[in-house]
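Chemist: need a 3D model of the sequence below.
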Amino acid sequence: MSEPQGPQGPQGFEGTTQRLPVVERDAGPDEAYRPPPPPEREGGRESRFWSARRVPAGVTALLLLLVAGVFLYDIAAVRAHRPALGWRRELARQLAERPLDDTWVLLGAAVAAVLGLWLLVLAATPGLRDVLPMRRTHPDVRAGLHRAAAAPVLRDRAMEVAGIQSVRVRIGRAHADVRAVSHFRDLDDVRADLDSVLTDAVGGLGLARPPALSVRVRRPGRKG
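Modeler: You can find the predicted model right below:
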């Protein structure tokens, strides 16, 4: 069976249309189709970002280095048959002579306990309270939204509602406090529109744990 012939080319040859061979190969294990991971639902249990704590860690390391260096120098001097530093002899004498219920001993112990508790709290808490974790759309990527950046978004959306004169938004870790002033329209209607618009805006932020909305609307105060 012959192939259909096409129109003649520019040099008088009759062109033919031929079907090119198709080379098929089996997909290897690395080329297998992998569907994208499903996005996490709103309100997922996404952990907060951990702060590096550079300043407390740096100050603590510097103080420990200085104290250890001074004690090491004094011990080396004693080992070299030189007298110990005067402050260390005085400290040893005070610790040996003062009773445990002495005011200065109790004050020093309280200060050391508070500093130790502060360091433990810093080590056990994530910090970065101003960064709100966002939902993950990829397992290897984490994103966060600063609360100072989220508040203007909600304020701009609230200003689109008819009747709104001014809006003040404060966003915490679990709540979004919205205070609006309406100079016309019924307050209940304005509040209902705000609830609808802000609920949609909060959902659009993509937060793992969207904050609960608290909306209040009032009339502007009388001038003078």
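Chemist: just the buried positions in stretch 105-116, please.
Modeler: Residues of stretch 105-116 classed as buried: none (neighbour count, 16 or more other C-beta atoms under 10 Å). Placement of C-beta: from N, CA and C, glycine included.
Chemist: stretch 129-147 now?
Modeler: Neighbour-count burial for stretch 129-147 [16+ other C-beta under 10 Å]: Asp130, Val131, Leu132, Pro133, Met134, Arg135, Arg136, Ala143, Leu145, Arg147.
Chemist: how long is it end to end?
Modeler: 9 Å (C-alpha to C-alpha, to the nearest Å).
Chemist: what domains does the record give for the chain?
Modeler: Annotated domains of the chain cover 54-124, 144-218 [automatic domain parsing].
Chemist: for the record, mean pLDDT for the first one?
Modeler: Which is domain 54-124. Confidence for domain 54-124, expressed as mean pLDDT, is 86.
Chemist: end to end, how far does that domain reach?
Modeler: 15 Å.
Chemist: over to the longest one?
Modeler: From the first residue to the last, domain 144-218 extends over 33 Å; the measure is C-alpha to C-alpha.
Chemist: repeat that for stretch 133-142.
Modeler: 8 Å.
Chemist: just the buried residues of stretch 129-147: which are in strands?
Modeler: Val131, Leu132, Pro133, Leu145 (DSSP state E).
Chemist: name the element Ser47 belongs to?
Modeler: Ser47 is part of no helix or strand, with elements assigned from DSSP states H and E.
Chemist: just give the closest residue to it, not the sequence neighbours.
Modeler: Pro133 (6.8 Å; C-beta to C-beta, 6 or more residues apart in numbering).
Chemist: isn't that neighbour up against Leu205?
Modeler: No. The pair Pro133 / Leu205 is not scored as a contact, 11.3 Å apart, by C-beta atoms under 8 Å.
Chemist: report the two of the ones in strands among the buried residues of stretch 129-147 separated the most.
Modeler: Largest separation among these by C-beta to C-beta: Pro133 and Leu145, giving 8.2 Å.
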